[in-house]
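Trainee: with the sequence up front, the predicted model follows.
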Amino acid sequence: SRSTTPLPLPLSLTFHFHFHCFDQPMMWLVVALAVVSCARATTTSASSCGSVTKGVGLGGSDNLPQSYVCSEDNMTQCTVEKCCTDCDNLGPQCVGWTLQPTQSNKNCWLKRSIPPGGHKKPGMADFVSGWKPGFGPTPPPPPTPPPAPCSGRCPNILYLMADDMRPQLKTYGHDWMITPNLDALAASGLQFDFAYTQFAYCAPSRNSFLSGRRPERTRALNFLTTFRMAPGGESWTTMPQFFKVHGYFTSSAGKIFHDGMDDPESWTYPSNQTAWVGCGQGDHKPTNELSGNYCGVTRQSTRQYTDEDLALFEGLKRMDLAQESGKPWWVSIGVHRPHTEYRVPVGFYGPQLYPNGTGSGVVSPLYPGAPDGAPYMSGNWQGGDINDVAHGCPTCIIPANRSVEYRRWYYAAVTWADHSLGKAIAKLETFGPAVVQNTIVLFHSDHGYQLGELNEWSKKTDTELAVHVPLIMRVPWKLQSIGKRTTVKAELVDLYRTLADLAELTNVAPVMQTSVQGNSVAAAFTDPVNLPVDLESKRAYSQIGRCACGQYCRGGKASSISGPYLPCAPPLNTTAVRECGANACCRVPLTSSSYDFMGYTMRTATRRFTAWVPFDNTTQRVDWNKSAMVELYNLANDTGRDFDFAGYSLNLATSPTYRDEVASLTQDLRAAVQTWY
């Protein structure tokens, strides 16, 4: 309640609190008038010595030496009038004062300056302060108004994601794959046959497309930083946040932003990054050299559920909340599979779904070796996702029988991911035809994957297979796109602008920030085949880092014939191989001298061109003045459906025949990279 105790001096309205602990500098906080009222501040008009209020003080430690303490024997000398007058008599050197009562005395603090704020503490109701005109704490900014109702087309957006999934779905031409839900989504939407991530690794990829900025702008080139840590990143509006500020309900479940890197500013209702559930006690697991890569839930499993069960439980709950909000909504649901370990329930075991003879995928890769003529830093042989003693160097090839088993369980994990995400699509149907017709549904993975092709068992490279992702979008009112395919070279960084265009929000205030990159591919939904010139000629770009490059030997010793490949201990001999360290620099700061190369790759209509450029740890950029190693692959006949396409296996850049083309593509790639920072 408001105090009715009269003050001896006229007072004027002020909006700031103070607390002073005699010899400690105070923190400051701007407080609104309503809060001051709750603190029982009583005010009137200004006096000759400044604006005065009760329940408020002027903090900080910048006290004049003329400040004084009135103990019990002279308590009557410490009055509001005297403290105020003493400040006034000091002239311009005193700009304000605080009369602080304590149990045994009163303190008159005469202030040389006033920090821009105030601070409220319990027991401050009897404080009295004043300040001279022009020296008061800065008034608080007006409160941020709530988002205005959406004024574009404002469709709902159901954003579905998988982890480590390459476009190996039935709808992408792999007829033996069991992916009915994503196939049905493609049949009712637009399938992008050539879509690409900007970074073939989870955290950098997600930092990129969810912020709408390329990795060089996010500076999230490892697992140590997020886009919020980039210059200006704190004020960036993410893709879901853009819809939030346009009045949407937004929320998320499962793996959307990378695990542990969630962005609370993006959501109106808190997200739930459901936990990883790896192979555990009671699970069906191989006990031989295949162990550590896949498992199946059994009746004896300690955990009778999977990651996907958790993600869909939380995701479907958020779909209900979104629909009940009465607002247009954005709900993201991401699953971990088919990321290793391939953990699936009974009925989805690899041999149950994909027995021998199922199809061309349940065989060993046709080209299991590294590409001919590829530079040593192009591979990720040290950092494969599969645990196998045969893996670890450019010529260390996993035997065919084990390759088949790993593939079988990967495909099973793809089917389990399809089954899980199908629950979200089915949930949408329960909201009725009107909601379905006003909801964009899209699905993609964070990057591609390699299952032994080119001697790679992961993402983490610049190959076509590592950066190529499935991308399917259903926009019900774009009738020309339903059940169609398009060859536009789409990039995940394009999704921000594309969704804004499809929702008719691009030019609606608050407008999109100019730092958002990528290009809208919304025009493809009008005519997926006869594309406008800018989309027909569009190129796609990706990148990956390389660290700890040098000589590696079995067990770290040139004479060893067993153990993993480790940096060689001298003396070196012919058993050493040249390659780079594991995991594509995921834990290496950009300032480290171990960050050796950045590999930039460009996909044109007929070529994939890659340049491995030395990285400058001082500028934290590449140095194009130093010699780069390059790759050139002829993909003119690549349909995007044959993961054993012969063109992936021959680097043409070493041939003099392609010298001029390499020079031209290098110039184009360098010019593109310069625009990304």
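Mentor: Noted; the coordinates are in hand. Numbering: from 1, shown residues only.
Trainee: distance from the lengthiest helix in the chain to the middle of the chain?
Mentor: In the chain, taking DSSP state H as the definition, the longest helix is helix 400-429. The chain centre lies 24 Å from the centre of helix 400-429; the measure is CA atoms, centre = their mean, to the nearest Å.
Trainee: just want the most central residue of the protein.
Mentor: Nearest residue to the geometric centre of the chain (CA atoms, centre = their mean): residue 207, 2.9 Å.
Trainee: and the longest helix of the chain, what's buried?
Mentor: Using 16 or more other CB atoms under 10 Å as the burial criterion, the residues of helix 400-429 that qualify are 402-425, 427-428. (C-beta placed from N, C-alpha, C; glycine too.)
Trainee: ok, now which ones touch residue 341?
Mentor: Residue 341 makes contact with 278, 279, 292, 293, 294, 295, according to CB atoms under 8 Å, 6 or more residues apart in numbering.
Trainee: selecting buried members of those in PyMOL, what would you type?
Mentor: Per 16+ other CB under 10 Å, the buried members of these correspond to this PyMOL selection:
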select buried, resi 279+293+294+295
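Trainee: now, which of the contacts of residue 341 sits nearest residue 187?
Mentor: residue 294 (30.2 Å; CB to CB).
Trainee: how about the closest one, what does it touch?
Mentor: Applying CB under 8 Å, 6+ apart, the residues near residue 294 are 279, 285, 286, 340, 341, 342, 343, 350, 406, 409, 413.
Trainee: need the worst-confidence member of these.
Mentor: Lowest model confidence among those falls on residue 286, which carries 90.
Trainee: partners of the closest residue to that one other than its chain neighbours in the sheet?
Mentor: Leaving aside its sequence neighbours, residue 286 sits nearest to residue 294 (CB to CB, 6 or more residues apart in numbering; 7.5 Å). Per DSSP bridges, residues listed as beta-bridge partners of residue 294: residue 342.
Trainee: any idea how far residue 407 is from residue 294?
Mentor: Per CB to CB, to the nearest Å, residue 294 is found 11 Å from residue 407.
Trainee: sorry, back to before: redo the contacts of residue 294 as a markdown table? Include distance to residue 199.
Mentor: Formatted as a markdown table, the contacts of residue 294 follow (distance: CB to CB, whole Å):
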| residue | distance to residue 199 |
| --- | --- |
| 279 | 28 |
| 285 | 32 |
| 286 | 32 |
| 340 | 19 |
| 341 | 23 |
| 342 | 23 |
| 343 | 26 |
| 350 | 29 |
| 406 | 24 |
| 409 | 26 |
| 413 | 22 |
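Trainee: between these, which is closest to residue 677?
Mentor: residue 340 (33.8 Å).
Trainee: hang on, that closest one in a helix?
Mentor: No. Secondary structure of residue 340 (DSSP: H, G, I helix; E, B strand; the rest coil): coil, not part of a helix.
Trainee: what's the burial count for it?
Mentor: Neighbour count of residue 340, defined by other CB atoms under 10 Å: 24.
Trainee: so what's it closest to, chain neighbours aside?
Mentor: Nearest non-adjacent residue to residue 340, counting by CB to CB, 6+ apart: residue 385, 4.8 Å away.
Trainee: I figured the one you found hits residue 338, correct?
Mentor: No. The criterion here is CB atoms under 8 Å, and residue 385 misses it with residue 338 at 10.4 Å.
Trainee: of these two, who's got more company?
Mentor: Taking other CB under 10 Å, residue 385 and residue 338 do not tie; residue 338 has more neighbours (25 against 22).
Trainee: check contacts around that one.
Mentor: By CB under 8 Å, 6+ apart, the residues touching residue 338 are 162, 163, 164, 165, 410, 411, 413, 414, 416, 417, 449.
Trainee: then residue 296?
Mentor: Counting by CB under 8 Å, 6+ apart, residue 296 has contacts 283, 284, 343, 344, 345, 346, 348, 349.
Trainee: ok, it to residue 373 distance?
Mentor: 41 Å.
Trainee: do you know the pLDDT at residue 555?
Mentor: pLDDT, residue 555: 79.
Trainee: same deal with residue 642?
Mentor: Looking at residue 642, its pLDDT stands at 96.
Trainee: residue 441 - that's part of a strand, no?
Mentor: Yes. According to three-state DSSP, residue 441 belongs to a strand.
Trainee: so what's it bridging to?
Mentor: Judged by DSSP bridges, the bridge partners of residue 441 are residue 158, residue 474.
Trainee: is the residue nearest to residue 340 within a helix or a strand, and which one?
Mentor: Using DSSP states H and E, residue 385 is not contained in any helix or strand.
Trainee: what's near enough to touch it?
Mentor: 164, 339, 340, 457, 458.
Trainee: can you list contacts of stretch 657-667?
Mentor: 602, 604, 607, 609, 611, 628, 630, 632, 652, 653.
Trainee: what's opposite the fourth one in the beta bridge?
Mentor: Counting by DSSP bridges, residue 609 is bridged to residue 602, residue 632.
Trainee: contacting residues for residue 464?
Mentor: Contacts here follow CB under 8 Å, 6+ apart; on that basis residue 464 touches 448, 603, 608, 633, 635, 638, 645, 648.
Trainee: how close does it sit to residue 189?
Mentor: From residue 464 to residue 189 the distance is 24 Å (CB to CB).
Trainee: can you map out the strands along the stretch 151-300 of the chain?
Mentor: Taking DSSP state E, counting those that start in this stretch, the strands of the stretch 151-300 of the chain run over residues 156-162, 190-196, 249-254, 294-296.
Trainee: now render those strands as CSV, adding mean pLDDT.
Mentor: Putting the strands of the stretch 151-300 of the chain into CSV (pLDDT from 0 to 100) gives the following:
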stretch, mean pLDDT
strand 156-162, 98
strand 190-196, 98
strand 249-254, 98
strand 294-296, 97
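Trainee: just those: most buried one?
Mentor: Scoring these by mean neighbour count under mean count of other CB atoms under 10 Å gives strand 249-254 as the most buried, with a mean of 27.
Trainee: what's next to it, contact-wise?
Mentor: Strand 249-254 has contacts (CB under 8 Å, 6+ apart) with 161, 240-241, 243-244, 262, 266-274, 307-308, 310-312, 314-315, 317-318, 321-322, 325, 327-336.
Trainee: excluding its backbone neighbours, what's nearest residue 641?
Mentor: In space, residue 641 is closest to residue 173, 3.7 Å off (CB to CB, 6+ apart).
Trainee: so what pLDDT did that neighbour get?
Mentor: On the pLDDT scale, residue 173 gets 97.
Trainee: for it, grab phi and psi.
Mentor: phi 100, psi 0 (degrees, to the nearest 10).
Trainee: correct me, but it touches residue 485?
Mentor: No. Residue 173 sits out of contact with residue 485 when judged by CB under 8 Å, with a separation of 10.2 Å.
Trainee: neighbour count winner among the two?
Mentor: Higher neighbour count among residue 173 and residue 485: residue 485, with 17 against 14, using other CB under 10 Å.
Trainee: quickly find the element holding the closest residue to residue 159 other than its chain neighbours.
Mentor: Distance criterion CB to CB, 6+ apart; nearest residue to residue 159, sequence neighbours excluded, is residue 332 at 4.2 Å. Following DSSP H and E, one finds residue 332 within strand 329-334.
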